[in-house]
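**Student:** task: produce atomic coordinates for the following.
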Amino acid sequence: MGLRASYKQATFKALGGNLVREEVPLGLPGDGELLVKVEAYGSCHTDSNALYTTFDGGFPIVPGCEIIGTMAVVGDDVKSWKIGDCIRGGYHGGHCKTCDMCSPNWP
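**Tutor:** The predicted structure follows:
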């Protein structure tokens, strides 16, 4: 799977602002990180909340928490994923850091 130098994202730049589509440089994952080629995305109520709150992260904010895709690049020290694996993610309200799904070794 060839990588492009950039990708498209939709961003809220300010509280209550419009969603802005922009092209940004693609960075490679660092140690323990993953790069996923998103193939399907589902928008949910949490994404609409991003327009009116910072989720304690500030702006700009890129909404999106429900995806299905393919593993494109795995960073150093990633042992449980390989390029080409199917990956899915959804909003789950936080990270407890103790259950299987929050474990860095999941799946």
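
**Student:** SS state for A10?
**Tutor:** Under DSSP: H, G, I helix; E, B strand; the rest coil, A10 falls in the strand class.

**Student:** just list whatever residues bridge to E23.
**Tutor:** For E23, the beta-bridge partners are K8 (DSSP bridges).

**Student:** surely it and A5 touch.
**Tutor:** No. Contact between E23 and A5 fails when scored by CB atoms under 8 Å: they sit 9.7 Å apart. C-betas here are computed from N, CA, C, even on glycine.

**Student:** and the residue sitting furthest away from the middle of the chain, what does it touch?
**Tutor:** Centroid-distance maximum for the chain: G16 at 21.8 Å, with CA atoms, centre = their mean. Contacts here follow CB atoms under 8 Å, 6 or more residues apart in numbering; on that basis G16 touches 51-52.

**Student:** relative to G90, how far out is it?
**Tutor:** In this structure, G16 and G90 are 26 Å apart, going by CB to CB, to the nearest Å.

**Student:** repeat for S48
**Tutor:** 16 Å.

**Student:** repeat that for D77.
**Tutor:** Separation of D77 from G90 (CB to CB): 25 Å.

**Student:** off-centre distance for the helix or strand of the chain with the lowest mean pLDDT?
**Tutor:** Across the helices and strands of the chain, mean pLDDT, DSSP states H and E gives its lowest value to helix 45-49, namely a mean of 74. Averaging C-alpha positions (CA atoms, centre = their mean, to the nearest Å) puts helix 45-49 15 Å from its chain's average.

**Student:** buried ones in that helix?
**Tutor:** The neighbour-count check on helix 45-49 (16 or more other CB atoms under 10 Å) flags D47 as buried.

**Student:** export that helix to PDB, keeping only CA atoms.
**Tutor:** C-alpha atoms of helix 45-49 as PDB (Å, rounded to 0.1, in the frame of the first residue of the first chain):
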ATOM      1  CA  HIS A  45     -23.700  12.500  18.400                       C
ATOM      2  CA  THR A  46     -20.300  12.800  19.900                       C
ATOM      3  CA  ASP A  47     -19.000  14.400  16.700                       C
ATOM      4  CA  SER A  48     -21.800  17.000  16.800                       C
ATOM      5  CA  ASN A  49     -20.700  17.800  20.300                       C
END
